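[1] return atomic coordinates for the entry below.
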Amino acid sequence: MMNPSELETLDAPRLRELTRELVEQLSAQQHQNHESAQSIESLKRELLFKSTRIEQLSYELARYKRVRFARSSETLNGVQASLLAEAIDCDLGAIEEELEQLRERPKSAGTHRPRREALPAHLPRVAIHHEPESKSCGCGCALTRIGEDISEKLAYEPGVFTVERHIRGKWVCAKCQTLTQAPLPAQIIDKGIATAGLLAQVMVAKFSDHLPLYRQEAIFARAGYAIARSTLGAWVGACGVQLQPLVDALKQAMLSHEVVHADETPVAMLKPGNGKTHRAYLWSYASGAFEPIKAVVYDFTETRSGKHAEAFLGAWRGKLVCDDYSGYKALLAKGVVECGCLAHARRKFFDLHVHNNSQVAGQALNYFAQLYDIERELQQLDAHSRCQIRQARAKPIADALHAWMAVHRLKVPDGSAIAKALDYSLTRWSALTRYLDDGTLPPDNNHVENKIRPVALGRANWLFAGSLRAGQRAAAVMSLIQSAKLNGHDPYAYLKDVFTRLPTLPASSIADLLPHRWQPSAAA
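    Numbering: from 1, shown residues only. Below is the predicted model:
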């Protein structure tokens with residue numbers, strides 16, 4: 001620091017230099033204060049978001065508990081009541097997992113957890129030892145083993161339960177009394193009893209094999225250890241929350257490509273406390289049939305409104321292969337390119353031919369057959385070659401089909417079934433034939449319709465989705481399972497490895513676990 005009296009002795013250059021230094025210091029201080037203010041505001045916004053979300057989840061948790069444990073006058077049969085109960089158990093587990101993540105504290109803090117019963121003695125035990133890498137203390141002395149901690153995890157291979165005994169030796173330095181002990185590996189459910197393999201089995205059985213939890217409870221009982229369906233439900237809910245970031249990353253990967261297929265199918269949904277089902281929808285979005293990645297992402301919504309498709313696709317502006325459902329039309333006004341489904345157009349003539357033996361429909365089917373014969377030859381070609389062959393061979397057939405349709409439309413009365421079939425194709429002709437000018441496009445939407453069939457098959461076992469949360473969780477988990485299947489993976493092996501690696505994987509590396517990039521770990 002300089003005395004004010006010393007300023008009298010300074011010449012002009014030194015005074016200018018001193019002034020510049022003071023201005024720079026003042027500017028730096030103001031910048032620092034501005035950054036601090038921004039940081040405080042950011043922390044305030046984050047705190048407000050978390051407190052609001054915690055309040056919402058706490059209310060939702062209380063509401064679900066009332067429905068789950070209170071007497072109900074709902075007229076549900078035994079199977080329906082069981083399915084509703086397990087859906088609510090899963091939702092309770094998911095909400096509690098989200099609350100713990102928001103509170104950012106150990107799950108044991110401030111909460112009472114019931115004492116866990118010991119695993120049955122008759123189950124086979126497998127000892128897994130965890131010891132320090134070095135038997136030397138930091139002070140240079142050798143460590144002495146003075147005991148061990150043992151925790152048991154329930155493992156399951158189809159039909160057989162085993163118990164993993166994780167043994168952690170306690171090592172102490174005789175000189176400085178430093179205690180050393182190897183940590184337990186991180187788990188997908190903190191302090192949970194289930195191994196990654198058992199959790200993967202439950203998730204695959206529920207969301208791939210469509211086995212409700214009450215059936216899994218009976219299967220586990222036959223294997224030697226009955227796991228309460230409420231416990232299974234809590235596991236499903238917690239795992240669903242943990243898997244969500246991976247599903248979000250899969251969606252981003254799919255939407256980074258130019259071509260996407262879209263379709264939707266109805267699913268019954270029961271609102272807790274209502275006792276009645278209403279029609280909800282499961283939307284399927286798949287990467288293009290000729291895109292370099294194989295992925296499908298499901299989205300569960302309470303209605304069929306087109307706003308759900310807009311919300312899912314967000315800022316994506318590519319080529320959407322879809323049917324003529326009006327819910328997609330708003331996307332087209334925002335720059336999405338509509339690519340029609342030739343199979344839908346053909347189906348209308350096929351139904352007429354089968355049920356009415358229509359000769360006109362039969363002629364249309366001959367044209368469609370010629371177009372599909374060409375497509376079967378082009379599956380393995382690159383986009384450029386595919387486009388060239390389509391232009392040379394398929395386009396003349398499509399032009400002839402269009403001319404034939406225009407002529408016959410003048411001959412049939414308005415409102416007739418054949419008129420409706422012809423109008424469907426004629427009014428959408430540009431979208432239906434867009435694939436002829438673009439080798440990256442398929443001729444129809446069968447690619448995604450095949451991905452939604454497992455869902456349709458599972459509805460007979462579901463009867464209904466127990467809640468909006470349950471439907472959204474099922475959509476998320478099925479996205480990973482079906483995408484794993486598309487890439488040739490065993491979904492059980494995939495989820496088991498994901499549950500093993502996810503707890504310690506940095507957020508920047510989560511893409512390594514996406515089904516189209518996944519490679520089994522050495523331990524798997």
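
[2] who are the packing partners of whichever helix in the chain runs longest?
    Taking DSSP state H as the criterion, the chain has its longest helix at helix 12-69. Using 3 or more C-beta pairs under 8 Å, 6 or more residues apart in numbering; DSSP states H and E, the elements in contact with helix 12-69 are helix 78-103. Yep, even glycine has a C-beta here, placed from its N, CA and C like the rest.

[3] find the nearest non-adjacent residue to Ser305, please.
    Nearest residue to Ser305, sequence neighbours excluded (C-beta to C-beta, 6 or more residues apart in numbering): Gly327, at 6.5 Å.

[4] tally of neighbours for the one you found?
    A total of 19 residues lie near Gly327 under the criterion other C-beta atoms under 10 Å.

[5] just checking, it touches Thr301?
    No: using C-beta atoms under 8 Å, Gly327 is not in contact with Thr301, being 10.6 Å away.

[6] now the common contact residues for these two.
    Shared contacts of Gly327 and Thr301, defined by C-beta atoms under 8 Å, 6 or more residues apart in numbering, are found at His308.

[7] gap between Cys141 and Lys135?
    Note on Cys141: its distance to Lys135, by C-beta to C-beta, to the nearest Å, is 10 Å.

[8] what sits against the spatially closest residue to Ala417 that is not a sequence neighbour?
    Nearest residue to Ala417, sequence neighbours excluded (C-beta to C-beta, 6+ apart): Leu352, at 5.8 Å. The contact partners of Leu352, by C-beta under 8 Å, 6+ apart, come to Ser358, Val360, Ala361, Ala417, Ile418, Ala421.

[9] go again using 7 Å as the cut-off
    Ser358, Ala361, Ala417, Ile418, Ala421 (C-beta atoms under 7 Å, 6 or more residues apart in numbering).

[10] all helices for the stretch 301-450 of the chain, in order.
    306-313, 329-333, 342-356, 359-377, 383-389, 395-409, 417-427, 429-432, 446-462 (DSSP state H, counting those that start in this stretch).

[11] same list (those) but as a markdown table, adding distance to Cys239 and mean pLDDT.
    Shown next, in a markdown table, are those (distance: least, C-beta to C-beta, whole Å; pLDDT from 0 to 100):
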| stretch | distance to Cys239 | mean pLDDT |
| --- | --- | --- |
| helix 306-313 | 23 | 94 |
| helix 329-333 | 33 | 90 |
| helix 342-356 | 36 | 89 |
| helix 359-377 | 41 | 94 |
| helix 383-389 | 39 | 96 |
| helix 395-409 | 48 | 96 |
| helix 417-427 | 44 | 93 |
| helix 429-432 | 40 | 96 |
| helix 446-462 | 18 | 68 |
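
[12] for Lys206, which of those is the nearest?
    helix 446-462 (9.6 Å; C-beta to C-beta).

[13] state the next helix or strand along the chain beyond the closest one.
    As assigned by DSSP states H and E, the chain's next helix or strand after helix 446-462 is helix 468-486.

[14] could the helices of the stretch 301-450 of the chain go into TSV alongside distance to Glu131?
    Shown next, in TSV, are the helices of the stretch 301-450 of the chain (distance: least, C-beta to C-beta, whole Å):
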stretch	distance to Glu131
helix 306-313	49
helix 329-333	58
helix 342-356	61
helix 359-377	60
helix 383-389	56
helix 395-409	71
helix 417-427	71
helix 429-432	65
helix 446-462	45
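
[15] of all these, which one comes closest to Arg222?
    helix 446-462 (19.0 Å).

[16] what bits of the stretch 151-300 of the chain have low per-residue confidence?
    Applying pLDDT under 70 to the stretch 151-300 of the chain flags the ranges 271-275.

[17] which stretches in it count as strands?
    Per DSSP state E, counting those that start in this stretch, the stretch 151-300 of the chain carries strands over the ranges 160-173, 179-180, 259-270, 277-287, 296-301.

[18] same list (these) but as CSV, adding distance to Leu26.
    Output for the strands of the stretch 151-300 of the chain, formatted as CSV (distance: least, C-beta to C-beta, whole Å):
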stretch, distance to Leu26
strand 160-173, 54
strand 179-180, 52
strand 259-270, 54
strand 277-287, 55
strand 296-301, 53
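
[19] which of these is buried the deepest?
    strand 296-301 (a mean of 24; mean count of other C-beta atoms under 10 Å).

[20] next, count neighbours for Ala238.
    Neighbours of Ala238 (other C-beta under 10 Å): 25.

[21] my guess is it contacts Gln187, does it?
    No: with contacts counted by C-beta atoms under 7 Å, Ala238 stays clear of Gln187, the gap being 10.5 Å.

[22] one step back: pLDDT score for the residue nearest to Ser305?
    Note for Gly327: predicted pLDDT of 88.

[23] wait, isn't it in contact with Glu310?
    No: Gly327 lies out of contact with Glu310 (C-beta under 7 Å); the separation is 8.9 Å.

[24] find residues that contact each of these two.
    By C-beta under 7 Å, 6+ apart, no residue touches both Gly327 and Glu310.

[25] Arg215 versus Glu375, what's the distance?
    Per C-beta to C-beta, Glu375 is found 42 Å from Arg215.

[26] wait, what's in contact with the nearest residue to Glu302 once chain neighbours are set aside?
    Nearest residue to Glu302, sequence neighbours excluded (C-beta to C-beta, 6+ apart): Ala280, at 5.2 Å. Residues in contact with Ala280 (C-beta under 7 Å, 6+ apart) are Val267, Met269, Phe300, Thr301, Glu302, Ala465, Gly471.

[27] so what's Ala280 bridging to?
    According to DSSP bridges, the residues that bridge with Ala280 are Val267.

[28] tell me, how many residues neighbour Lys319?
    By other C-beta under 10 Å, 19 other residues sit near Lys319.

[29] OK, contacts around it?
    Lys319 is in contact with Glu258, Val259, Val337, Cys339, Leu441, counting by C-beta under 7 Å, 6+ apart.

[30] next: Gly335.
    Arg317.
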